[in-house]
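Colleague: Fold the stuff below for me.
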Amino acid sequence: MPSTVKSLTNSLMRLINAIFSLSLCLLLISQPVLALNDGQELVLETWKLVNEGFLNSQKFEQVGWRQLRKKALEQPISTSEDAYRAIDSMLLPLGDPYTRLLRPKDYKAMKESNLGSEINGVGLQLGARNEDGEIVVIAPLEGSPASDAGIVSGTVLLSVDGEAPKKLGLEATAARLRGEMGSQVIVKLQPPKGDPEEIILERRIVDLRPVRTRRLRDESHTLGYLRITQFSEGVPEQVGEALQELSEKGIEALVLDLRNNSGGLVSSGLAVADAFLNKQPIVETKNKEGINDAIPSEEQTLYDGPMITLVNGGTASASEILAGALQDNERSLLFGSRTFGKGLIQSLTSLSDGSGLAITVASYLTPTGRDIQNLGIEPDRFLDLPEPLNPGATEDRWLKDASLFLQASLDQKGIEEENAIETDIVQGSSDVDEIKQTQQNLLNKDE
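Modeller: A predicted model of the protein is given here:
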């Protein structure tokens, strides 16, 4: 064989061997991807959902989002808990405490809460403070152990049974506070004012009862009182029934109480806004593609009379959407204190193993374009502090202030209507005299 041919043959064989070796390496490298176990599939499923929907997509480049997926899949994952830890580690660099994995037990509890049923726990509605990630109290649930203990909005949770909530995260902290009726949990708290304190709370069944109503009567006026403590699934229907009942009782004005309403289902909040607004904008949303057109209310309203809306630092998320829409459309004045300032919207998705995934998919703006994230909504009238601890009770000073304002407005309206009638009567008399004089002048002219 000529040396040139022999050399070419050797070179070709080396090339074939190199291609075979490379193919074998690629096959070995790609093999784990082709045979993912259930835990790895869950990690990949989560990554895809967040990649498609997360609001702040610019964050992906900053944190190396694709590399985070690779790193998560490279971890040894043989159990569900391994997968959950890998997902938690993958989501953490995004810096959004509201984009989070919910273990099956926590996901079930959240869905039950959104259905408006009873829950076992201490009754704390929690949020994550954006600037430092601290877990804070948005509001205590009415009639709960937390409410009875006097825990107020803005309180920071320093520890739950010795564990740091900031390290646990929002959902795990909430899970630590739930438990069997009669069991106890030790919480260390930092109130907005005062020194840190450690207290023991006993868990019990907390009746969410999201819609409460009654009449407020004095010698001259009948007012309606409507309190919404959260926007769960059945709330719009309950609000409709409450407004119909109050209207049948002849109310002249309404106090809508959104204090300590930490939100819930945005769709429920929008449906309640329909009850008060007539073809007016409710909210604008902004997703990763940009700002969408404002969502308008329906034409038919359930109540169109005078109203005042009470808000405070526990008014958050969906309840801030409602409050902002009422204020911007000049449908209702807001009384109380500045709201919490959660202007982000999460989607909630069921994952293949029964866990859930919450993703921040949009932010919202009030109808006039106000972004209230971390800012809150300023009321039209600030009411005197300290804030009443038992909203809706007979000793509730803020409710009395709102009622007195509405009563004075009704009295003023009555005076204006009486003056208008008197003016019409005087004007009518003047017109009659003028007609008579004209008729007399015509008679004199004929003569």
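
Colleague: could you say what helices and strands the one helix or strand residue 81 maps to packs with?
Modeller: Assessed by DSSP states H and E, residue 81 sits inside helix 80-91. In terms of contacts (3 or more CB pairs under 8 Å, 6 or more residues apart in numbering; DSSP states H and E), helix 80-91 is packed against helix 38-53, helix 65-74, strand 100-102. Backbone N, C-alpha and C define where each C-beta goes, glycine included.

Colleague: Compute the inter-axis angle for it and helix 38-53.
Modeller: Per axes from the mean of the first three to the mean of the last three CA atoms, to 10 degrees, the angle that helix 80-91 makes with helix 38-53 is 30 degrees.

Colleague: what angle separates helix 80-91 from helix 65-74?
Modeller: 160 degrees.

Colleague: buried sites along helix 80-91?
Modeller: Buried positions in helix 80-91, judged by neighbour count with 16 or more other CB atoms under 10 Å: 80, 82-84, 86-87, 90-91.

Colleague: contact partners of that helix?
Modeller: With contacts defined as CB atoms under 8 Å, 6 or more residues apart in numbering, helix 80-91 is touched by 38-40, 42-43, 46-47, 50, 68-69, 71-73, 75-77, 99-101, 103, 169, 353, 355.

Colleague: Taking the residues you listed, please make a PyMOL selection of just the buried ones.
Modeller: Remark: buried members of the contacts of helix 80-91, expressed as a PyMOL selection using 16+ other CB under 10 Å:
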select buried, resi 39+40+42+43+46+47+50+68+69+72+73+77+99+100+101+103+169+355
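
Colleague: mind listing the strands for the stretch 101-250 of the chain?
Modeller: 119-121, 124-128, 135-140, 156-160, 184-190, 197-202, 204-206, 211-217, 222-228 (DSSP state E, counting those that start in this stretch).

Colleague: Show me what the second one is packed against.
Modeller: Based on contacts counted as 3+ CB pairs under 8 Å, 6+ apart, the elements that strand 124-128 packs against are strand 135-140, helix 170-177.

Colleague: picking up where we left off before, show me the one of the helices and strands packed on helix 80-91 that comes nearest residue 246.
Modeller: Closest to residue 246 of the helices and strands packed on helix 80-91, according to CB to CB: strand 100-102, at 37.3 Å.

Colleague: I'd like the average pLDDT over the closest one.
Modeller: Average pLDDT, strand 100-102: 92.

Colleague: Direction included, what does that strand pair against?
Modeller: Partner strands and pairing direction for strand 100-102 (DSSP bridges) are strand 356-365 (antiparallel).

Colleague: how about the buried residues of helix 80-91, which pair is most distant?
Modeller: 80 and 91 (16.3 Å).

Colleague: Any stretches of the stretch 51-200 of the chain with poor pLDDT?
Modeller: 115-118, 130-131 (pLDDT under 70).

Colleague: same thing but at 90, please
Modeller: Within the stretch 51-200 of the chain, the segments meeting pLDDT under 90 span 75, 97-98, 105-121, 123-144, 147, 150, 152-154, 165-176, 178-181, 192-195.

Colleague: Now tabulate the buried residues of helix 80-91 in CSV and tack on distance to residue 109.
Modeller: As requested, the buried residues of helix 80-91 are exported to CSV (distance: CB to CB, whole Å):
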residue, distance to residue 109
80, 17
82, 23
83, 20
84, 16
86, 23
87, 19
90, 23
91, 20
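
Colleague: Pick the one among those residues closest to residue 321.
Modeller: residue 91 (25.4 Å).

Colleague: Report the contact partners of the residue most central in space within the chain.
Modeller: In the chain, the C-alpha nearest the mean C-alpha coordinate belongs to residue 317, at 2.6 Å (CA atoms, centre = their mean). Going by CB under 8 Å, 6+ apart, residue 317 touches 262-264, 266, 269, 340, 342, 344-345.

Colleague: quick revisit: compare the helices and strands packed on strand 124-128 and give me the one nearest residue 282.
Modeller: Of the helices and strands packed on strand 124-128, nearest to residue 282 by CB to CB is strand 135-140, at 21.7 Å.

Colleague: what helices or strands is the closest one leaning on?
Modeller: strand 124-128, helix 145-148, strand 156-160, helix 165-168.

Colleague: Quick check: the gap between residue 405 and residue 70.
Modeller: Residue 405 is 60 Å from residue 70, where distance means CB to CB, to the nearest Å.
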